[in-house]
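J.: Here is my input, please return the structure:
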Amino acid sequence: MNSDQIKDGVGRTPHRSLLKATGLTSGQIKKPIIGIVNSFNEIVPGHIHLQTIARAVKDGVLASGGTPLEFNTIGICDGIAMGHEGMKYSLASREIIADSIECMVRAHCFDALVFIPNCDKIIPGMLMAAARLNLPSIFISGGPMMSICDTNGQAMDLNSVFEAVGSYNVGRLDDEQLAYYEDNACPGCGSCAGMFTANSMNCLCEAIGIALPGNGTIPAVYAARTRLAKLAGEKIMELLDKNIRALDILNPKAFRNALTVDMALGCSTNTILHLAAIANEAGLAFSLPMINELSQATPNLCKLAPAGKHHLQDLNSAGGVQAVMSELNKKGFLDTSVITATGKTAAENLVGVRVTDKTVIRDIDDPYSKTGGIAILFGSLAPNGAVVKRSAVAPEMLVHKGPARVFDSEDEAQQAIFGGKIKPGDVVVIRYEGPAGGPGMREMLSPTSAIAGMGLDKQVALVTDGRFSGATRGAAIGHISPEAASGGNIAYVTEGDIISINIPEYKLDLMISDEELERRKKTMSLKPKKEFGGYIGRYMRYVSSAETGAVVK
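T.: The predicted structure is shown next:
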């Protein structure tokens, strides 16, 4: 066992003495030591209940003959961090999570690992650590928050509150109505209820095979979530016994499966950023053109919030991620030979699985669209690529040309939007918000929600070298690479330039001549780099471009 390094033989007597100081018995020390990697904290609603999940996991491990030992990671709530300096730290925290887990596991020689994430950056950070450490590993999330209906019968989620702020600022809602959304849209624990980044990544853990069926969709408050956690504790012992390790599951075929399911579900654009980073840790090839190859071929089967009215509880009732995979498998879109955390192949997991509500999960022959939920755009504004959640774009905005309204920060753009300075037809350009330029590649949920709340989401586009929350809807195009701080072409856009967006043809262009672009590069100066100390200062010096996952080199 890997843990023999800290417990076997006379030379490890001091180590055993320290383990006994924690209350472990000799019998417990002799058993496999299973690391329970928990991201519990008391400020993130997606994590407030993870002690319950950890307790259930430990019960499963104990019942199956292991010794569970828990340690924690940090976890940032993107919603609370949104719209201020805190958002600079959200993406950057992913690397700290991966690094801190590596430190704990290498130092203490665990035999296997159960990861308990729930929110946005914690899931990919833990996946990066799992790939790096390559021990038997399984993921069990805390599950999604419930969505309840407002007084008009419309299902609410966190995005409802952000959009309510936009409506309030143009007089569509009064104080009492705004307070209603504040008090009711997020009714309890769990990751925010739509197909936002957290739920996207939890679903993709299931699709890639490193989490058990149900991981992505069983609501946080259901007893079935606790039972699944106990089963995960039992299964990690089986994976250890069979020596099924993280990289046995995180293989190229499984990544293609996950990306295919991503397209069918209409997941967050952030999944592209995170899957690239995880592939980097796993030593796998990953490219943005590959995304379009899969997107072009894969039908979009679900319209989950923010793209539609359904939420994760509805997807769960309809059969969950496995039911989506079952539909895709009817036409051979998946490689079901891959091994999964159940100890079985994906094909074995799908036996008997079916869709129980075809209003939530469309039939493979009756999709919402013949192409996937995410598209990568290329062109003179984004030579190395940009990302859009195509399934959440209104049909009339799939092709759009409009004048650029240029802002060098999210804060400047927000002021202009709330100040009524953005008009129908405009293309809002927010730059110097990339991985290094931000730093931290802030999410732009506040501006996009304001635009939607004002009723302009079918008339105004937004492009940025930053990124978007999975809750964003509308023609919101992010991850523009190269970013402005690196001298990307977005740095040379001027007020009134025409920007052409053609999502069906995967194009994003700045409509000026090559000669004019070169002239601007010679005469226009880049915005001076910001000075930051501490971790974020180190992060901005070493972070890579969005196209490679914004990993720290």
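J.: Over stretch 250-263, what's the mean pLDDT, rounded is fine.
T.: In this model, stretch 250-263 has an average pLDDT of 97.
J.: okay, that stretch in PDB with CA atoms only?
T.: Provided in PDB are the C-alpha atoms of stretch 250-263 (Å, rounded to 0.1, in the frame of the first residue of the first chain):
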ATOM      1  CA  LEU A 250      -9.300  10.200 -17.300                       C
ATOM      2  CA  ASN A 251      -8.300   8.900 -20.800                       C
ATOM      3  CA  PRO A 252      -8.700  10.400 -24.300                       C
ATOM      4  CA  LYS A 253     -11.900   8.400 -25.000                       C
ATOM      5  CA  ALA A 254     -13.500   9.500 -21.800                       C
ATOM      6  CA  PHE A 255     -12.600  13.200 -22.500                       C
ATOM      7  CA  ARG A 256     -14.300  13.000 -25.900                       C
ATOM      8  CA  ASN A 257     -17.300  11.400 -24.200                       C
ATOM      9  CA  ALA A 258     -17.400  14.300 -21.700                       C
ATOM     10  CA  LEU A 259     -17.200  16.900 -24.400                       C
ATOM     11  CA  THR A 260     -19.900  15.200 -26.400                       C
ATOM     12  CA  VAL A 261     -22.200  15.200 -23.300                       C
ATOM     13  CA  ASP A 262     -21.200  18.800 -22.700                       C
ATOM     14  CA  MET A 263     -22.600  19.700 -26.200                       C
END
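J.: Pull out the buried residues from it.
T.: Neighbour-count burial for stretch 250-263 flags 250-251, 253-263 (criterion: 16 or more other CB atoms under 10 Å). Where C-beta positions appear, they are placed from N, C-alpha and C, glycine not excepted.
J.: Same check on stretch 148-167?
T.: 148, 155-167.
J.: Please point out which parts of stretch 359-370 sit buried.
T.: Buried residues in stretch 359-370 (16+ other CB under 10 Å): Val360, Ile361, Arg362, Ile364, Pro367, Tyr368, Ser369.
J.: what about Gly75, distance to Cys203?
T.: Distance, Gly75 to Cys203, by CB to CB, to the nearest Å: 19 Å.
J.: Adding distance to Ala436, pLDDT and secondary structure as columns, could you present the buried residues of stretch 359-370 in a markdown table?
T.: Shown next, in a markdown table, are those (distance: CB to CB, whole Å; pLDDT from 0 to 100; DSSP: H, G, I helix; E, B strand; the rest coil):
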| residue | distance to Ala436 | pLDDT | secondary structure |
| --- | --- | --- | --- |
| Val360 | 40 | 98 | coil |
| Ile361 | 40 | 98 | coil |
| Arg362 | 40 | 98 | coil |
| Ile364 | 42 | 98 | coil |
| Pro367 | 38 | 98 | coil |
| Tyr368 | 36 | 96 | coil |
| Ser369 | 35 | 96 | strand |
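J.: Out of these, which two are the most distant from each other?
T.: Between any two of those, the greatest separation by CB to CB is 15.9 Å, found for Val360 and Ser369.
J.: Ranking helices and strands of the protein by mean pLDDT, which lands last?
T.: Within the chain, no helix or strand scores below helix 445-453, which has a mean of 86 by mean pLDDT, DSSP states H and E.
J.: what does the helix or strand just after that one contact?
T.: For helix 445-453, the following helix or strand on the C-terminal side (DSSP states H and E) is strand 461-464. Applying CB atoms under 8 Å, 6 or more residues apart in numbering, the contact partners of strand 461-464 are 381, 386, 397, 400, 402, 426-431, 433, 444, 447-448, 451, 474-478, 480, 490, 499, 501, 508.
J.: Now, these that are in strands?
T.: Judged by DSSP state E, strands contain the following of those: 386, 400, 402, 427-430, 476-478, 480, 499, 501, 508.
J.: Nearest to Ile96, out of those: which one, please.
T.: Of those, the one sitting nearest to Ile96 (CB to CB) turns out to be Gly478, at 22.6 Å.
J.: which residues touch the closest one?
T.: By CB under 8 Å, 6+ apart, the contact list for Gly478 reads Thr269, Ala386, Val387, Val388, Met444, Val463, Thr464, Asp465, Gly466, Arg467, Phe468.
J.: can you pick the most crowded of these?
T.: Arg467 (33 neighbours; other CB atoms under 10 Å).
J.: partners of that one in the sheet?
T.: Note on Arg467: beta-bridge partners Glu443, judged by DSSP bridges.
J.: Does it touch Asn270 like I think?
T.: Yes - if you go by CB atoms under 8 Å, Arg467 and Asn270 touch, sitting 6.3 Å apart.
J.: Where does Ala375 sit: helix, strand or coil?
T.: Using DSSP: H, G, I helix; E, B strand; the rest coil, the structure places Ala375 in strand.
J.: With adjacent residues omitted, what lies nearest to it?
T.: Spatial nearest neighbour of Ala375, excluding adjacent residues (CB to CB, 6 or more residues apart in numbering): Arg390 at 4.5 Å.
J.: Contacts only, for the one you found.
T.: Per CB under 8 Å, 6+ apart, neighbours of Arg390: Ser295, Asn300, Ser369, Thr371, Gly372, Gly373, Ile374, Ala375, Leu398, Ile503.
J.: Distance check, Thr22 against Ile477.
T.: 51 Å.
J.: One more: Ser446?
T.: Distance of Ser446 to Ile477, given as CB to CB: 17 Å.
J.: Who has more neighbours out of those two?
T.: Ile477 (26 against 23).
J.: The more buried one and Val388 touch, don't they?
T.: Yes - contact criterion CB under 8 Å: Ile477 and Val388 qualify, at 4.6 Å.
J.: okay, and the common contacts of the two?
T.: By CB under 8 Å, 6+ apart, the residues touching both Ile477 and Val388 are Leu377.
J.: Quick check: the residue nearest the centre of the chain vs Glu483, distance?
T.: Geometric centre of the chain, nearest residue: Thr197, 3.4 Å, by CA atoms, centre = their mean. Taking CB to CB as the measure, Thr197 falls 20 Å from Glu483.
J.: again with Lys242
T.: Taking CB to CB, one finds Lys242 at 44 Å from Glu483.
J.: the more surrounded of these two?
T.: Higher neighbour count among Lys242 and Glu483: Glu483, with 28 against 12, using other CB under 10 Å.
J.: correct me, but the more buried one touches Ala436?
T.: Yes - assessed by CB under 8 Å, Glu483 is found in contact with Ala436 at 6.7 Å.
J.: hmm, back to that, adding secondary structure and distance to Ser141 as columns, could you present the buried residues of stretch 250-263 in CSV?
T.: CSV is the format used below for the buried residues of stretch 250-263 (DSSP: H, G, I helix; E, B strand; the rest coil; distance: CB to CB, whole Å):
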residue, secondary structure, distance to Ser141
Leu250, coil, 17
Asn251, coil, 21
Lys253, helix, 23
Ala254, helix, 18
Phe255, helix, 19
Arg256, helix, 22
Asn257, helix, 18
Ala258, helix, 15
Leu259, helix, 19
Thr260, helix, 21
Val261, helix, 16
Asp262, helix, 16
Met263, helix, 21
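J.: possible to save the contacts of Gly478 as JSON lines with distance to Val105 and pLDDT?
T.: Shown next, in JSON lines, are the contacts of Gly478 (distance: CB to CB, whole Å; pLDDT from 0 to 100):
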{"residue": "Thr269", "distance to Val105": "30", "pLDDT": "94"}
{"residue": "Ala386", "distance to Val105": "36", "pLDDT": "98"}
{"residue": "Val387", "distance to Val105": "32", "pLDDT": "97"}
{"residue": "Val388", "distance to Val105": "37", "pLDDT": "96"}
{"residue": "Met444", "distance to Val105": "35", "pLDDT": "87"}
{"residue": "Val463", "distance to Val105": "40", "pLDDT": "97"}
{"residue": "Thr464", "distance to Val105": "36", "pLDDT": "97"}
{"residue": "Asp465", "distance to Val105": "34", "pLDDT": "98"}
{"residue": "Gly466", "distance to Val105": "32", "pLDDT": "96"}
{"residue": "Arg467", "distance to Val105": "29", "pLDDT": "95"}
{"residue": "Phe468", "distance to Val105": "33", "pLDDT": "89"}
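J.: Pick the one among the residues you listed closest to Met128.
T.: The shortest approach to Met128 among those belongs to Arg467, at 17.5 Å (CB to CB).
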